[in-house]
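> Got a predicted structure plus its sequence, pasted below:
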Amino acid sequence: MMRKLASGRVYLGALIVLIWGLGPFYWMVVTAFRDPDYQFENTPWFTHVTFENFTNAFDTSRGNDFGKALINSVIIGTFTTLAALLIGVMAAYALARLTFKGKYVVSGLILSASMFPVVVLVTPLFQLFTNLGWIGEYQAMIIPNISFVLPMTVYILASFFTELPWELEEAARIDGASRFQAFRLIMLPLAAPAVFTTAILAFIASVNEYLLARLLSSDKTEPVTVAVARFSGNNPLVQPYAAIMAAGTIVTIPLVIMVLLFQRRIISGLTAGGVKS
């Protein structure tokens with residue numbers, strides 16, 4: 001009886017978390033498929049279904065260029081993820097495998113960087129990129145995004161590298177491989193699940209960034225977060241919520257599908273570092 005009650009509490013808790021997390025997403029999808037004339041209707045299921053909102057989302061006649069914004073987000077997210085992985089993999093390996101002076105100071109600095117509030121960086125970054133002539137360019141958003149996702153990248157990969165067996169690396173060194181060859185040919189393939197997990201999380205984090213992108217982008221380089229926020233409709237006095245929800249659905253569903261398809265790898269990458277070998 002006690003086991004059933006405990007199991008029931010677990011399922012109840014999971015259901016509450018599921019509703020809390022997916023409720024806004026469900027309402028966004030419902031509104032996305034609802035006729036704009038009924039966008040403020042609060043019926044919790046699909047009514048007045050139409051695809052007009054998705055057409056309006058890609059309509060450029062009102063100054064919206066959602067298609068271009070999607071491409072910009074992919075460009076920013078891809079370059080941010082690649083750069084963060086390139087730097088983060090090597091930094092994580094050094095923190096996990098090497099012994100050097102100031103190792104824990106470096107770890108602390110990386111952790112403190114992840115806690116630094118973004119809003120404090122807005123003014124100095126705007127001034128810096130203005131002086132460099134980068135306002136409205138891709139690098140003005142990619143470089144700050146790298147600094148935001150890099151601490152997460154380092155800590156996920158460092159915890160994974162720490163748990164990998166040293167014997168494999170030592171065996172490769174005995175066979176004549178250099179430290180870099182042992183890292184590239186032996187350790188890095190073993191860390192593939194964690195690298196894959198980090199890549200997905202870094203890409204999602206960079207695509208979701210809004211504050212700096214709003215101030216540092218231009219009409220030609222703005223990502224979807226900025227483009228959706230400034231959607232305009234037929235009536236300048238009425239916000240086109242239905243079209244905004246359609247745009248949000250277009251952006252969110254591919255990310256949800258990607259996470260569902262690779263959830264096993266994501267979970268294994270996040271939990272592998274916490275399992276003792």
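Cool, got the structure.

> Only C-alpha atoms from now on, for both contacts and neighbour counts.
Will do.

> Could you confirm Trp27 falls within a helix?
Yes: looking at Trp27 with DSSP: H, G, I helix; E, B strand; the rest coil, it is inside a helix.

> Find the nearest non-adjacent residue to it, please.
Nearest residue to Trp27, sequence neighbours excluded (CA to CA, 6 or more residues apart in numbering): Pro44, at 7.4 Å.

> helix/strand/coil for the one you found?
coil.

> Strands along the stretch 51-200 of the chain, start to end?
Counting by DSSP state E, counting those that start in this stretch, the stretch 51-200 of the chain has no strands at all.

> Going along the chain, name the helices of the stretch 51-200 of the chain.
52-57, 66-97, 103-115, 118-132, 139-163, 166-174, 179-182, 188-190, 192-208 (DSSP state H, counting those that start in this stretch).

> of these, which approaches Val256 most closely?
helix 192-208 (10.3 Å; CA to CA).

> quick one: what helix or strand has Leu215 in it?
helix 211-216 (DSSP states H and E).

> Would you mind listing where this protein has pLDDT under the threshold?
In the predicted model, the chain carries pLDDT under 70 at residues 1-2, 233-238, 265-277.

> tell me the contacts of the spatially most central residue of it?
Relative to the mean C-alpha position of the chain, the nearest C-alpha, by CA atoms, centre = their mean, is the one of Ile204, at 1.8 Å. When contacts are counted by CA atoms under 8 Å, 6 or more residues apart in numbering, Ile204 touches Gly77, Leu255.

> export the helices of the stretch 51-200 of the chain to a markdown table and tack on distance to Phe262?
Converted to a markdown table, those look like this (distance: least, CA to CA, whole Å):
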| stretch | distance to Phe262 |
| --- | --- |
| helix 52-57 | 27 |
| helix 66-97 | 17 |
| helix 103-115 | 26 |
| helix 118-132 | 30 |
| helix 139-163 | 17 |
| helix 166-174 | 27 |
| helix 179-182 | 28 |
| helix 188-190 | 17 |
| helix 192-208 | 9 |
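
> just to revisit the earlier point, next, the buried residues of the helix holding Leu215.
Leu212, Ala213, Arg214, Leu215, Leu216 (16 or more other CA atoms under 10 Å).

> Which single one of these is nearest to Ile253?
Distances from Ile253 to the buried residues of helix 211-216, taken by CA to CA, are shortest for Ala213, at 21.8 Å.

> how much space between the residue lying closest to the closest one once chain neighbours are set aside and Thr81?
Spatial nearest neighbour of Ala213, chain neighbours left out: Met141 (6.1 Å); criterion: CA to CA, 6+ apart. For Met141, the distance to Thr81 (CA to CA, to the nearest Å) stands at 13 Å.

> How about Met258?
Met258 is 16 Å from Thr81, by CA to CA.

> neighbour-wise, which of those two wins?
Thr81 (27 against 11; other CA atoms under 10 Å).

> contacting residues for that one?
Per CA under 8 Å, 6+ apart, neighbours of Thr81: Ile146, Ala199, Ala202, Phe203, Ser206.

> what's the answer for Leu211, then?
Per CA under 8 Å, 6+ apart, neighbours of Leu211: Val119.
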